[in-house]
Every structure is written in C-alpha cells, then in structure tokens.
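Peer 1: Sequence below, structure please.
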Amino acid sequence: MYKIGILGGSFNPIHIGHLIIANEAINRLKLDKVFFIPTMNPFKNIDILPLHRYNMTKLATFDNHMFEVLDIEIKNNKPSYTIDTVNYLFSNYKDTEFFFISGSDIVDNFEKWKDYKELGNMLSFIIYKREHYNIDKIKSFYNIVRDCILIDGPLINISSSMLRQYIKNGYNIKYFVTDYVLEYIKENKLYI
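Peer 2: Predicted coordinates for the structure are as follows:
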C-alpha cells in the first residue's frame, strides 16, 4: 500500500516553508510521495490566476521525485471543497493510504469545512506545529478526526501574504522561494 501526503494550499506564492513541511512529513512518516494541490478555496478571495499558482508550484517542486503537483482543483476554475478533492483521490488512487498535511492552525476552523466529520473519518491528519499553536485546541481536534499525528519540526514563520507584501514594498524575496519561482514572479510581474 502506498502512503501519500496531501498538501493543499493557495500557494500564492509557494515558498520554502511549504517544501520543508512536505519534506518533514516524508521523513517522519516514510511517505512515498506528497501531492501538492493548488486550491480554489471557497473561503479566500485569490486574485492571482490559478494557472500562475499552479505553474509556480510546478517550478518549486520539479526537482524532487517525491513531490507531485495535481491540478484537480484549479482546472475547474471555481471554488472547490477538500471533501470533493479527497473523494476524487480515493476514487482514482487505489491501494493508497492518504495523509492530510496541514499547519496547526487547521484546528481553528476545521469545523467550518464542508462535511468535516466525514473528512475527519476518511484519512489521517499530519499536523505541523506552528508558532503559538494551542495544544488544547489540538487535543480537541483529536476527537473529530480518525487519526492525528503531530509533527514537531523547525518553526517556519513565513507566509505567502508576508511575501506578497514584501514584493509590493520592493523587497527581495530571494531565499524565501526557489530561484525558479522568483524568476517566474518577476517575469509575470506578480504581486506588484
């Protein structure tokens, strides 16, 4: 049976924190692969074209054979829900155990997700501790999901919103993103 991590996100832009979290999940749980899925989150208003976010994610991950980018959400170009994406993966990838990878902030709004109880029973959750995580909220999260694995790795205090603001301010974001992503952002004049 294959073990595959699911790392969904806006990736607006994708940064080294995303890559480190995926790599830590592979290391700690001996995953065979991590699927990066640029999302069409119904709770976020994202003004960057989905194709740009997909392309940046491909550029950030192309040199790691254990990373794969799926376009299952962005190809529809409309808001989609995690439960639908997970159902698609279950239907199309047999003999696979899936692990949903997220930061510890998932516990703040998971109960607002569509069909969160069903989702919580379908797969295991890998929770990567973030700065100022709330252990009591994480403990309560254990009660609504089938399995929860807490990863204690290096704290990565980088966010895509911070990088977008850096670019607007004219700051250099080298080292926060891969060189290929940085070049893509410059060539396409994103976030200015």
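Peer 1: buried ones in stretch 2-17?
Peer 2: Neighbour counts over stretch 2-17 (16 or more other CB atoms under 10 Å) mark 3-17 as buried. All C-beta atoms are positioned from the backbone trio N, CA, C, and that covers glycine.
Peer 1: Please apply the same query to stretch 181-192.
Peer 2: For stretch 181-192, a neighbour-count test (16+ other CB under 10 Å) marks 181-182, 184-185, 190-191 as buried.
Peer 1: Go through those residues and flag which are in helices.
Peer 2: With helices defined by DSSP state H, the entries of these inside them are 181-182, 184-185.
Peer 1: now the strands for the protein?
Peer 2: With DSSP state E, the ranges of strands along the chain come out as 2-9, 33-38, 67-69, 96-103, 124-128, 147-151.
Peer 1: what's the single longest helix in the chain?
Peer 2: Max-length helix for the chain by DSSP H is helix 16-29.
Peer 1: roughly how far is it from the heart of the chain?
Peer 2: 11 Å (CA atoms, centre = their mean, to the nearest Å).
Peer 1: report the angle between the axes of it and strand 2-9?
Peer 2: If you take axes from the mean of the first three to the mean of the last three CA atoms, to 10 degrees, helix 16-29 sits at 160 degrees to strand 2-9.
Peer 1: What is helix 16-29 packed up against?
Peer 2: strand 2-9, strand 33-38, helix 50-61, strand 96-103, strand 124-128, strand 147-151 (3 or more CB pairs under 8 Å, 6 or more residues apart in numbering; DSSP states H and E).
Peer 1: please redo it, this time with the cut-off set to 10 Å
Peer 2: Where contact means 3 or more CB pairs under 10 Å, 6 or more residues apart in numbering; DSSP states H and E, helix 16-29 is packed against strand 2-9, strand 33-38, helix 50-61, strand 67-69, strand 96-103, strand 124-128, strand 147-151, helix 160-168.
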